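Undergrad: mind folding the following:
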Amino acid sequence: MNRLIARIQRHLTDDLLSPKWRELRTDDPLSGHCYIAAEALWHLIGGKASGYMPHVLTHAAWPEGLDPGETHWFLRKSRRILDPTAGQFDGEIAYDKGRACGFLSREPSRRAKTLMERVKCSGALPA
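TA: From the prediction side, this is the model:
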């Protein structure tokens with residue numbers, strides 16, 4: 001799984017950011033990509049059948065980690081966490097304060113499809 005997450009991270013580029021996150025972008029290459037990276041990862045590992053569920057952290061739930069209006073997306077299966085953009089944060093992430101929340105669409109979004117295609121074209125997916 002770590003190899004797949006590393007491949008996703010390598011293919012995160014500014015063209016995958018929504019306009020809002022392009023404006024708020026920091027120097028960290030993972031910044032602003034949490035939704036798209038989590039969405040692509042979820043579909044690549046089998047979606048609902050994987051047993052992982054998308055989760056979101058909000059500023060209201062984690063004010064010490066997120067600015068007003070910011071969110072952070074990750075995947076959770078029981079106590080196991082998959083977070084392809086965790087590296088953008090210093091210290092512990094309050095995953096326990098996240099809430100289960102589906103992605104905006106059942107099918108991969110346009111940006112997630114682009115990211116998934118990049119990952120697939122970069123070689124065989126790890127088992």
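Undergrad: report the central residue of the chain.
TA: By CA atoms, centre = their mean, the mean C-alpha position of the chain lies nearest to residue 38, the distance being 2.7 Å.
Undergrad: avg pLDDT for the host helix or strand of that residue?
TA: Using DSSP states H and E, residue 38 falls within helix 34-44. In this model, helix 34-44 has an average pLDDT of 97.
Undergrad: show me where the chain has its strands.
TA: For the chain, applying DSSP state E gives strands covering 53-58, 71-77, 80-82, 99-100.
Undergrad: with mean pLDDT, distance to residue 27 and mean neighbour count added, can I get these in a markdown table?
TA: The C-beta positions use only the backbone N, C-alpha and C, and glycine is treated the same way. Compiled in a markdown table, these are given as follows (pLDDT from 0 to 100; distance: least, CB to CB, whole Å; neighbours: other CB atoms under 10 Å):
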| stretch | mean pLDDT | distance to residue 27 | mean neighbour count |
| --- | --- | --- | --- |
| strand 53-58 | 98 | 22 | 19 |
| strand 71-77 | 97 | 18 | 20 |
| strand 80-82 | 98 | 24 | 15 |
| strand 99-100 | 97 | 29 | 10 |
